[in-house]
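Visitor: My questions are about this predicted structure, shown below with the sequence.
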Amino acid sequence: PLPHAIEVQLTCPAAVAATATLAVVSEGGRAASFSGEVVVADPALWWPHTHGQPALYDVSVRLATDAGQLSVDAGRVGFRTLASGPQPGHNVTGDGLSLHINGVHIFARGALWTPLDLVGLSPNHARLRDALVQARDAGMNMIRIPGTGAYETPAFHDLCDELGILVWQDFMFANMDYPISDEHFRQSVRREATQVLQELAGRPSLAVLCGNSEVEQQASMLGLDPALGRGELFDELLPSLLADSGADAAYVPSAPCGDVLPFRTNAGIANYFGVGGYRRPLDDARRAEVRFASECLAISNVPEAATVRADHGDRPAAEILADPSWKRGVPHDVGTDWDFEDVRDHYLASLYGVDGAHLRDTDPERYLTLSREVSGEIMAAVFGEWRRAQSQCGGGLVLWLTDVLPGAGWGLVDHLGEPKAAWHHLRRVWAPVAVWTTDEGLNGVLAHVANDGPTAIHARLRVALYSDFQLRVGDAEETLDIPAHGSCHRDLEAMLGRFVDAAFAYRFGPPAQNLIVVTLQQDAAEGGELLSQAFHFPVGRPAGQEPLDSMGLSATVAALPDGAAALTVGSRRLAYGVRVEVPGFVADDDAFCVEPGGERTITLRPRGRRTAGEPATGREPGATGGPGPTGGLELAGKLTATNLAGVVPVVNAVPVAPAATLEGADLR
């Protein structure tokens, strides 16, 4: 029977429920229509997860009929405002995209989405959730679905709403001249775009709709009139359909776009590969004046050792690197005699002073170790430049999130779903609360602090200077009160109260320090928790290796509830690029450094029990471990470091043997 009354209710754990009874508009025969509105007083707002809680209201429709009550789940809604700054259209030569959610500027960071199911385009829900949780745990607050890909499922967008991940959605047009004057084609575009907008328009996670991927750039880079990449389809039809849909999202006609030549980086939307594909020095990230990078970096990221073993077995590294199957996973531009492994080798030379080709031939294991580290260092440096409060950049999206083939692809995550070293480097600089440094040349070294979260932070900022990666030659600290959604920066020499040539720019003599450590820590009265830590190398990163008895790296394991373990890593000297490899367990941090004389405590969780930072798919490329049959902790693994010769064993809850007893042992 037809309902004679309809009630709509919105409920949210963080707010008061709102209810309204709809009025009958028409009734008769086999149909009835109702109309009304639900007024939500003081709604709980939806935020990107980096800036607050992505509050959602459950919507239920209660139907009163002669046969009784019926309740219908009508999905979820979120409340937020969005402003995007000047639109990056064809007449904009200044600002690009500056997203403001609920009146707060959002530095957008994330990656381009890679479909998880390339054949059916419909991955199972558990796998989809794991991949998006993994992206959230990396500090990503935006995912772009590019025009070279495919539209995603409603489940994908439901999860982005739930997890607080903004979506940049391209319409599926890319790199082509489309026949919009053909009426049949025009109608198919209208149907397609209308269906997409009907699905996405009411979602709080939808932030950007983009007409296409690289159509403007394609025409311009061929030396043709850039106007050929514009026109009715992207400048008139799609934006008019967007306006009709009521979607609250910014519209970008093309990525890139915004200047006379659409691929210029200092206006509108850029695809930035200056650092990365075009082998520019790291300071190009600032010189390019990027307003918003819809794609960026594109570096061949080497998978972890466990994934390499899963793909290639226990063959020597020299054989793996010489096998043609290794190169199949390395991206390259069509028609070039170089690939993106050559790009990475370029930065090995500039950051570490090593010849990649020579090192690959003479010490392939060392080559892979440094290669894993260098791409993460580069990416973190670029995003540190862009995230500064003084920067004009509104965000950047890395190309890509996940590899689709085995090997050293562009992905931050490999084809098995395992994060690479670059994922961990970016996670630290993308974190809602983060500290990082920039080299300002003659103006010294700055420490930058960001607090994207919704509550103020009372913390201590500490700077420590070391010579020979061990001897402390200076330190200072300052108490900071950082407001919600706030940031600040400090001149390290101002904190020290004296000139020390922190950037080694004046070079009046040998460097006084080769390591600067900046630490952001909770006030002792509030627990003293380490919030973030950054390591700056004014005269270069440590490219050599030290014996274990010299470095003094140690590891101690203590059992935690639920089969987890606390791994405490200490070091007498700087431990650079520490890697944790414990089969069956996942570390909540990796590819990190340990301050001289300091220690870090890392949580190891049995694989399959995910928390922040844990790989998503559960398909471990290695052995398993965890609680034993008696409930005791059973684990066995190792620690390595980029600047350590040898390994440190990690076994159960037994402290590592003193360094003297390990001298001369072949632990590899």
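Guide: Looks like it arrived, so ask away. Just so it is clear, the structure is predicted and the values come from calculations on it, not from any experiment.
Visitor: Could you list the alpha-carbon positions for the longest helix belonging to the chain in PDB?
Guide: Among the segments of the chain that qualify as a helix by DSSP state H, the longest is helix 364-387. Taking Å, rounded to 0.1, in the frame of the first residue of the first chain, the C-alpha atoms of helix 364-387 are listed here in PDB:
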ATOM      1  CA  PRO A 364      74.100  -4.200  -7.000                       C
ATOM      2  CA  GLU A 365      72.800  -4.700  -3.500                       C
ATOM      3  CA  ARG A 366      74.100  -1.300  -2.400                       C
ATOM      4  CA  TYR A 367      72.700   0.200  -5.600                       C
ATOM      5  CA  LEU A 368      69.200  -1.100  -4.700                       C
ATOM      6  CA  THR A 369      69.600   0.200  -1.100                       C
ATOM      7  CA  LEU A 370      70.500   3.700  -2.100                       C
ATOM      8  CA  SER A 371      68.000   3.700  -4.900                       C
ATOM      9  CA  ARG A 372      65.100   3.000  -2.500                       C
ATOM     10  CA  GLU A 373      66.300   5.900  -0.300                       C
ATOM     11  CA  VAL A 374      66.900   8.500  -2.900                       C
ATOM     12  CA  SER A 375      63.500   8.700  -4.500                       C
ATOM     13  CA  GLY A 376      61.900   9.200  -1.100                       C
ATOM     14  CA  GLU A 377      64.300  11.900  -0.100                       C
ATOM     15  CA  ILE A 378      63.500  13.800  -3.400                       C
ATOM     16  CA  MET A 379      59.800  13.500  -3.000                       C
ATOM     17  CA  ALA A 380      59.800  14.600   0.600                       C
ATOM     18  CA  ALA A 381      62.100  17.600  -0.200                       C
ATOM     19  CA  VAL A 382      59.700  18.800  -3.000                       C
ATOM     20  CA  PHE A 383      56.600  18.600  -0.800                       C
ATOM     21  CA  GLY A 384      58.400  20.300   2.000                       C
ATOM     22  CA  GLU A 385      59.000  23.200  -0.300                       C
ATOM     23  CA  TRP A 386      55.400  23.300  -1.400                       C
ATOM     24  CA  ARG A 387      53.800  22.900   2.000                       C
END
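Visitor: Could you check how far the closest residue to Thr114 other than its chain neighbours is from Arg572?
Guide: Leaving aside its sequence neighbours, Thr114 sits nearest to Thr402 (CB to CB, 6 or more residues apart in numbering; 4.2 Å). The C-beta positions use only the backbone N, C-alpha and C, and glycine is treated the same way. With distances taken as CB to CB, to the nearest Å, Thr402 is found 39 Å from Arg572.
Visitor: can you check Asp235 too?
Guide: Counting by CB to CB - Asp235 and Arg572 are separated by 63 Å.
Visitor: same question, Asn643
Guide: For Asn643 relative to Arg572 (CB to CB), the value is 13 Å.
Visitor: and what of Trp47?
Guide: 43 Å.
Visitor: What of Ala525?
Guide: The spacing between Ala525 and Arg572, counted by CB to CB, is 30 Å.
Visitor: who has more neighbours, the two?
Guide: Arg572 (17 against 7; other CB atoms under 10 Å).
Visitor: looking at it, the more buried one is touching Gly552, isn't it?
Guide: Yes: the criterion here is CB atoms under 8 Å, and Arg572 meets it with Gly552 at 3.0 Å.
Visitor: rewinding a little: buried ones in the longest helix of the chain, by neighbour count?
Guide: Using 16 or more other CB atoms under 10 Å as the burial criterion, the residues of helix 364-387 that qualify are 364, 366-387.
Visitor: Done for today, thanks.
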